[in-house]
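Novice: What shape does this take:
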Amino acid sequence: MPAFITLLTDFGSQDVYVGVMKGAIARIAPSAVVIDLTHDVAPQAVLAASFHLRSAYRYFPDGTVHVVVVDPGVGSQRRAIAVQMPQGYLVGPDNGVFSGVLADTTGLAAVELNNPVYWRSPQPSQTFHGRDVFAPVGAYLAKGTPFALLGTAIPVTTLKRLPAVDYQTTANGFGGSVQHIDRFGNLITSIPGKVLANQQWVAAFDILEIQAVQAYADRPAGRLVALVNSQGWLEIAVSQGSAQAELKAAVGDPVEVRLLD
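Specialist: Numbering: from 1, shown residues only. Purely as a prediction, here's the structure:
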């Protein structure tokens with residue numbers, strides 16, 4: 001079975017940065033299968049990158065190496081790290097970008113990537129660790145390099161974490177917030193769909209109550225709907241439209257669920 005490497009960045013597609021990272025990987029592990037998760041994360045949007053990685057990692061074969069380069073602190077004192085987990089490996093900056101994954105699964109071990117043997121050059125660029133550190137390390141892992149050789153062991157508990165994506169039980173149901181807005185304008189909340197199983201409920205955004213449905217098409221075009229999405233979160237959407245535009249919503253806005261008798 002081939003080795004798999006995923007790439008998730010805020011580099012976009014206008015410049016050559018993603019292609020250069022793939023070139024760095026190909027020089028070390030030419031047989032690895034490199035899969036683009038997305039390169040359209042908003043610049044420096046670490047929270048969004050964490051959400052995307054959490055949404056994706058579980059769908060890949062065991063042993064997959066996930067390389068993330070959303071790195072506003074590149075060139076600073078922030079650590080470059082790799083994390084071993086039961087399903088594979090995480091490689092990227094220690095800025096909280098792995099918080100979502102580590103909320104779901106166990107970090108078995110972590111290293112600070114300070115062994116230049118596994119970099120592209122002993123003197124990496126201070127602005128492009130994706131090319132010079134993270135992509136090469138990911139390639140060496142995919143090639144079978146022992147994890148412990150990549151750098152100095154550090155406690156998993158010392159890794160930077162973003163504020164937890166959370167929800168609360170309320171007198172009438174559950175409260176949470178918008179944690180991500182996708183390109184369709186759907187509002188993906190922090191309320192897990194599993195708490196709504198076998199319940200009758202409505203969602204509430206500001207003063208609006210929004211009917212629960214099973215699919216977007218269960219309501220006419222242009223109507224607000226609430227449903228459990230494919231990632232397992234409560235989502236507020238507009239059938240064939242944008243809930244973000246309709247509600248003037250932003251990440252962090254509060255959302256409630258009211259259970260019906």
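Novice: Show me how the record splits the protein into domains.
Specialist: Domain assignment for the chain by automatic domain parsing gives 4-158, 168-259.
Novice: can you give me the helices in this structure?
Specialist: Using DSSP state H, the helices of the chain run over 17-28, 46-56, 99-104, 129, 135-142, 243-247.
Novice: what's the closest of those to residue 224?
Specialist: helix 243-247 (6.5 Å; Cβ to Cβ). For glycine as for every other residue, the C-beta is placed from the backbone atoms N, C-alpha and C.
Novice: now the closest one, how far from the centre of its chain.
Specialist: Relative to the chain's own centre, helix 243-247 is displaced by 23 Å; criterion: Cα atoms, centre = their mean, to the nearest Å.
Novice: For that helix, buried residues please.
Specialist: By 16 or more other Cβ atoms under 10 Å, the buried positions in helix 243-247 come out as 243, 244, 246, 247.
Novice: For the second one, give me the pLDDT.
Specialist: Which is residue 244. Here the pLDDT value assigned to residue 244 is 98.
Novice: do the last one as well
Specialist: Residue-level confidence at residue 247 comes out at 97, pLDDT.
Novice: partner residues bridging the nearest residue to it once chain neighbours are set aside?
Specialist: Of all residues beyond its chain neighbours, the one nearest residue 247 is residue 205 (5.7 Å), with distances taken as Cβ to Cβ, 6 or more residues apart in numbering. Counting by DSSP bridges, residue 205 is bridged to residue 208.
Novice: again, but for residue 256
Specialist: residue 175, residue 204.
Novice: pLDDT weak spots in the stretch 101-250 of the chain?
Specialist: By pLDDT under 70, the stretch 101-250 of the chain has no low-scoring segment.
Novice: hang on, the earlier thing: comparing the helices of the chain, which comes out most buried?
Specialist: helix 135-142 (a mean of 28; mean count of other Cβ atoms under 10 Å).
Novice: now that helix, how far from the centre of its chain.
Specialist: Using Cα atoms, centre = their mean, the offset of helix 135-142 from its chain centre is 20 Å.
Novice: Next, the angle from it to helix 17-28.
Specialist: Put simply, helix 135-142 runs at 40 degrees to helix 17-28, going by axes from the mean of the first three to the mean of the last three Cα atoms, to 10 degrees.
Novice: returning to that earlier point: which of the domains of the chain sits most buried?
Specialist: Among the domains of the chain, domain 4-158 has the highest mean neighbour count (mean count of other Cβ under 10 Å), at a mean of 19.
Novice: now do the same end-to-end measure for that one.
Specialist: Its first and final residues considered, domain 4-158 spans 27 Å by Cα to Cα, to the nearest Å.
Novice: Could I get the contacting residues of the residue nearest to residue 244 when sequence neighbours are not counted?
Specialist: In this structure, residue 244 finds its nearest non-sequential neighbour in residue 185, 3.8 Å apart by Cβ to Cβ, 6+ apart. Contact analysis of residue 185 by Cβ atoms under 8 Å, 6 or more residues apart in numbering lists 237, 238, 241, 242, 243, 244, 245, 246.
Novice: Quickly note the distance from residue 185 to residue 123.
Specialist: With distances taken as Cβ to Cβ, to the nearest Å, residue 185 is found 45 Å from residue 123.
Novice: Residue 19 now?
Specialist: For residue 19 relative to residue 123 (Cβ to Cβ), the value is 22 Å.
Novice: Same question for residue 244.
Specialist: 44 Å.
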